[in-house]
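Undergrad: just coords:
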């Protein structure tokens with residue numbers, strides 16, 4: 001029986017429900033066993049009491065301090081996680097669960113502006129916000145921080161569990177430290193973009209180790225970089241140590257971070273959280289994942305210019321599955337570039353990475369900037385064997401995961417890790433200066449070699465986002481910008497003259513996802529459309545992100561002039577024309 005049904009039974013609908021069940025029994029025979037009410041158990045910690053499904057594991061961290069806080073099976077973890085957890089190197093997949101821990105300076109470091117706080121005398125809040133599959137609640141009257149994880153399919157169950165919470169008579173209040181307020185203090189920043197420019201050994205672990213473990217490994221191990229799972233609603237391990245302070249301290253100490261997002265998986269897998277098989281929808285899902293990853297990176301102080309890696313596990317590739325994955329990555333990359341971040345892609349060399357390499361020059365997809373590939377051949381290098389040509393992602397754009405699930409110990413701190421070798425740089429990154437660059441103009445006049453000013457800066461940022469390096473976005477149209485323009489024009493079938501005129505502006509400004517837009521639509525895609533129409537029509541179309549009557553008329557005028565179906569709706573045909581510079 002669903003949690004919503006249980007709630008209806010609790011508010012006085014027992015008799016109607018029973019009568020309906022008896023009628024159904026008379027018509028269809030006995031109900032399946034799955035319809036029986038789900039059994040619940042009471043879990044209490046520090047005066048916080050909650051009802052959870054009876055089959056959930058309950059892990060008391062006082063008894064098993066090194067237990068891995070993992071949620072690939074439903075679980076409740078009670079207590080403060082230890083400095084080191086006995087986790088496997090990776091846990092992909094999430095079901096549902098809770099971590100209930102004391103409210104201390106350490107746990108308060110993970111409180112953000114999205115964290116809910118219960119009122120005095122209460123253990124619940126109505127409709128707490130969820131971000132990246134995580135709901136976080138401070139219960140000061142019990143002195144606990146509650147972190148609940150879920151997938152889209154288990155969110156209602158987890159919310160039902162949280163709504164059952166109450167305070168026990170023995171609850172003791174602990175106030176949230178003043179530095180961890182609803183508005184949150186200024187975020188401490190990492191020591192530059194991550195992983196930045198680095199060549200050498202690294203590792204990734206399911207949960208970020210404590211500062212003490214990191215310090216021991218920094219002095220005793222051969223590693224200088226670590227993969228950390230910063231976002232994604234399919235992360236399997238909790239991250240009790242991962243805070244902005246942790247990021248700041250570790251990067252200041254010399255560590256390089258590989259920020260990883262674990263979200264939707266390929267549609268041809270059996271994972272419970274999959275991207276759509278429809279390429280357009282998958283592209284939009286990739287953009288949404290990137291927006292969440294940017295928000296998580298920002299909360300952790302990981303700045304623009306950093307590479308964020310989308311973790312898509314191995315899959316048996318088919319043409320349709322490949323198209324969905326590469327479309328998802330296109331949306332991922334475009335949204336990261338718009339935010340000034342570099343896009344990375346983690347997968348098996350034999351599936352996702354090979355698929356991306358096969359379409360390296362296919363303009364239908366937006367190429368990722370870095371590849372992070374699992375090929376457990378034991379070689380600490382960035383060779384890709386038969387999977388990727390040596391000429392692809394050859395400019396310090398590779399991470400090789402060359403061994404998996406190995407246990408090593410330094411300074412008395414064992415960890416189970418995957419071993420990596422990095423050869424990465426920031427040269428292909430969208431410059432941090434592109435973040436916030438004005439792209440909205442009442443006219444997009446022609447710029448060429450020798451031109452200067454804001455329009456040149458906008459063109460340079462758009463070229464960089466398209467994968468063509470114009471040099472620093474400095475507003476000076478020099479030889480590097482001319483070359484980047486010619487390369488972009490050649491890829492679009494435009495005259496490669498190095499001059500950014502109406503057609504080139506139209507193609508640059510319209511790049512990105514291609515959702516169907518019409519009167520009433522709103523958002524970033526509408527803004528892109530309005531900019532592109534301004535360039536294509538040679539007249540001002542207000543860039544406000546709202547598809548109203550003025551935008552409808554501009555679309556109809558464009559469609560009529562280009563011989564397209566004149567319906568005022570921007571579908572694949574209109575997007576294709578705009579993105580080819582027509």
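TA: Yep, it's here. None of these values were measured; they are calculated from a predicted model. Residues are numbered from 1 along each chain as shown.
Undergrad: Same question for stretch 119-131: list its buried residues.
TA: 123-125, 128, 130-131 (16 or more other CB atoms under 10 Å). Where C-beta positions appear, they are placed from N, C-alpha and C, glycine not excepted.
Undergrad: So for that stretch, first residue to last residue, what's the gap.
TA: End-to-end distance of stretch 119-131 (CA to CA, to the nearest Å): 21 Å.
Undergrad: Can you give the contact residues for that stretch?
TA: 48-50, 114, 116-118, 135-137, 139-142, 150, 155, 159, 162-163, 165-167, 292, 295 (CB atoms under 8 Å, 6 or more residues apart in numbering).
Undergrad: Of those, which belong to helices?
TA: Those of the contacts of stretch 119-131 mapping onto helices are 155, 159, 162-163, 292, 295, per DSSP state H.
Undergrad: In the residues you listed, find the pair that's most separated.
TA: 163 and 295 (25.8 Å; CB to CB).
Undergrad: can you pull up the bridge partners for the nearest residue to residue 117 once chain neighbours are set aside?
TA: Of all residues not flanking residue 117 in the chain, residue 138 sits nearest, at 4.6 Å (CB to CB, 6 or more residues apart in numbering). Beta-bridge partners recorded for residue 138 (DSSP bridges): residue 117, residue 145.
Undergrad: who touches residue 138 in this structure?
TA: With the criterion set at CB under 8 Å, 6+ apart, residue 138 makes contact with 103, 111, 115-118, 144-146, 176.
Undergrad: mind running it again at 7 Å?
TA: 103, 111, 115, 117, 145, 176 (CB atoms under 7 Å, 6 or more residues apart in numbering).
Undergrad: What of residue 322?
TA: residue 355.
Undergrad: cool, and the one 10 residues further on?
TA: When the contact criterion is CB under 7 Å, 6+ apart, the partners of residue 332 are 286-287, 289-290, 310, 343.
Undergrad: same thing but 8 Å
TA: 286-287, 289-290, 310, 343, 345, 368.
Undergrad: wait, is it part of a helix?
TA: Yes - applying DSSP: H, G, I helix; E, B strand; the rest coil, one finds residue 332 inside a helix.
Undergrad: Tell me the spacing between it and residue 145.
TA: Counting by CB to CB, to the nearest Å, the gap from residue 332 to residue 145 is 31 Å.
Undergrad: Equivalent analysis for residue 568, please.
TA: Applying CB to CB, the value for residue 568 to residue 145 is 51 Å.
Undergrad: For residue 482, the count of nearby residues, please.
TA: 18 (other CB atoms under 10 Å).
Undergrad: which helices and strands does the helix or strand where residue 148 lies pack with?
TA: If you go by DSSP states H and E, residue 148 is part of strand 144-149. Contact here means 3 or more CB pairs under 8 Å, 6 or more residues apart in numbering; DSSP states H and E; on that basis strand 144-149 packs against strand 97-102, strand 134-139, helix 155-163.
Undergrad: The same query, at a cut-off of 10 Å, please.
TA: strand 48-53, strand 75-78, strand 97-102, helix 105-108, strand 134-139, helix 155-163 (3 or more CB pairs under 10 Å, 6 or more residues apart in numbering; DSSP states H and E).
Undergrad: hang on, the earlier thing: buried ones only from the contacts of residue 332, please, as a PyMOL command.
TA: Selecting the buried subset of the contacts of residue 332 in PyMOL, with 16+ other CB under 10 Å as the burial test, is done by:
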select buried, resi 286+287+289+290+310+343+345+368
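Undergrad: What is the nearest of the contacts of residue 332 to residue 459?
TA: Set against residue 459, the nearest of the contacts of residue 332 by CB to CB is residue 343 (20.6 Å).
Undergrad: how close does residue 239 get to residue 43?
TA: Taken as CB to CB, the span from residue 239 to residue 43 is 22 Å.
Undergrad: related to what we said a few turns ago, for residue 568 and residue 145, indicate the residue with more neighbours.
TA: Taking other CB under 10 Å, residue 568 and residue 145 do not tie; residue 145 has more neighbours (27 against 20).
Undergrad: The more buried one against residue 105, yeah?
TA: No - counting by CB atoms under 10 Å, residue 145 stays clear of residue 105, with 11.4 Å between them.
Undergrad: from the contacts of residue 332, which ones fall inside strands?
TA: 310, 343, 345 (DSSP state E).
Undergrad: Which parts of the stretch 401-550 of the chain are helices?
TA: 454-465, 479-492, 502-510, 524-537, 549-561 (DSSP state H, counting those that start in this stretch).
Undergrad: mind checking which of these is nearest residue 269?
TA: The nearest among the helices of the stretch 401-550 of the chain, by CB to CB, is helix 524-537 at 28.1 Å.
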